[in-house]
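In: My questions concern the predicted model and sequence given below.
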Amino acid sequence: MKYVKKIQDLIGHTPLLEITAFSLPVGVRLFAKLEYFNPGGSIKDRLGMYLLKQALESGQLKKGGTIIEPTAGNTGIGLALAALEYEVNAIFVTPKKFSREKQTLMRALGAKVINTPTQLGMEGAIQKAKELIKCMPDAFYPGQFQNKDNPETYYESLGPELYESLDGEIDIFVAGAGSGGTFMGTSRFLKEKNKQVKCVIVEPEGSILNGGEPGSHRTEGIGMEFMPAFMDLSYIDNIYTIPDEKAFYYLKELALRQGLLVGSSSGAAMAASLAEAEKAAPNTNIVTIFPDSSERYISSDIYDEVNE
Ligand code: PMP
């Protein structure tokens, strides 16, 4: 018999799928890590477990304690799953604009969700979370945007999984960046194994990586309004700034051509991966991440977007 006793034991070891329904140059292969197979439905389940485990081990958090975190939703769901496992209370601060489904799922897992105004962006949620912490001095602030355990999560889990699945045959790694944790941790692991690996970061318009001003976008989960402390720009070999229309175009095409029900950050990752593929030499393996599923954005009418 093969079974688990805790849903949290099913986090990680997600499937890697070869993308075959899009035309690629001869000898170039593209693989996508399907992170929506995690039990909380996203790449951030890994982060939730790792952050709380570290906090409990270091004594910063105790059983029965409380965590407070600003989150767009997926980190909240991951932290809420971890909070159940470790028997702590969770309070999340989320800008109102983020998907209703994600906010509902955080609440379903027992967390309290406080909304901040959309126009104040993630910065507004961070400020509010800091105010709350002042009133609850014993609460733990995981701080995904500055906590070095964020990239460490992916250095320890996602990087090794990708490397093992492809027997180390990875030439290009493509990942979207919200906090940048996925990109930084995985890139560090892959470059330590082989410094020739090209690491490509993906952002929507209205993100600052390309030197632009912070602004609004509909692609959810990626986009930086400020530079997190753990970002090391020397790991970035190329940057793609993908317009919303393109991300939503590929999100639709991934469903139609290959049955993949993925969110808009996956659409952006796909657009960037195809652009890299176009320039790649034969015998190139590209690997990217599809962080979550489209099901949590249905109320945002994502499949109704007009194709390019
Ligand atoms: N895609 C989605 C859907 C996400 O929720 C996130 C996390 N905000 C990311 C991509 C980016 O992950 P990271 O924060 O590790 O850069």
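Out: Arrived safely. Numbers count the residues shown, from 1 in each chain.
In: What are the structural domain limits within the chain?
Out: Each structural domain of the chain that the record assigns through the TED database is listed here as a residue range: 7-37+147-300, 43-140.
In: The first one and the ligand, are they touching?
Out: Yes: with Cβ under 6 Å from any ligand atom as the measure, domain 7-37+147-300 is seen reaching the ligand through 176-183, 220-222, 263, 265, 291-292. Where C-beta positions appear, they are placed from N, C-alpha and C, glycine not excepted.
In: Would you mind listing which of those residues are buried?
Out: For those, burial is judged from neighbour counts taken by 16 or more other Cβ atoms under 10 Å, and it is met by 176-183, 220-222, 263, 265, 291-292.
In: if we can go back for a sec, export the domains of the chain to a markdown table and tack on mean pLDDT?
Out: Converted to a markdown table, the domains of the chain look like this (pLDDT from 0 to 100):
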| stretch | mean pLDDT |
| --- | --- |
| domain 7-37+147-300 | 97 |
| domain 43-140 | 95 |
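In: from the chain's centre, how far out does stretch 95-115 sit?
Out: When C-alpha coordinates are averaged (Cα atoms, centre = their mean, to the nearest Å), stretch 95-115 and its chain have centres 17 Å apart.
In: that older thread, Glu152: which of the residues of domain 7-37+147-300 next to the ligand is nearest?
Out: Glu152 has its nearest neighbour among those in Gly181, at 8.5 Å by Cβ to Cβ.
In: mind listing what the closest residue to that closest one other than its chain neighbours touches?
Out: Here the nearest residue to Gly181 in space, its sequence neighbours aside, is Asn150; by Cβ to Cβ, 6 or more residues apart in numbering that works out to 3.6 Å. Contacts for Asn150 were tallied using Cβ atoms under 8 Å, 6 or more residues apart in numbering; they are 47, 51, 144, 179, 181, 184-185, 228, 230.
In: Show me which pair in these is furthest apart.
Out: Comparing all pairs in the contacts of Asn150 by Cβ to Cβ, the longest separation belongs to Leu51 and Met184, at 15.0 Å.
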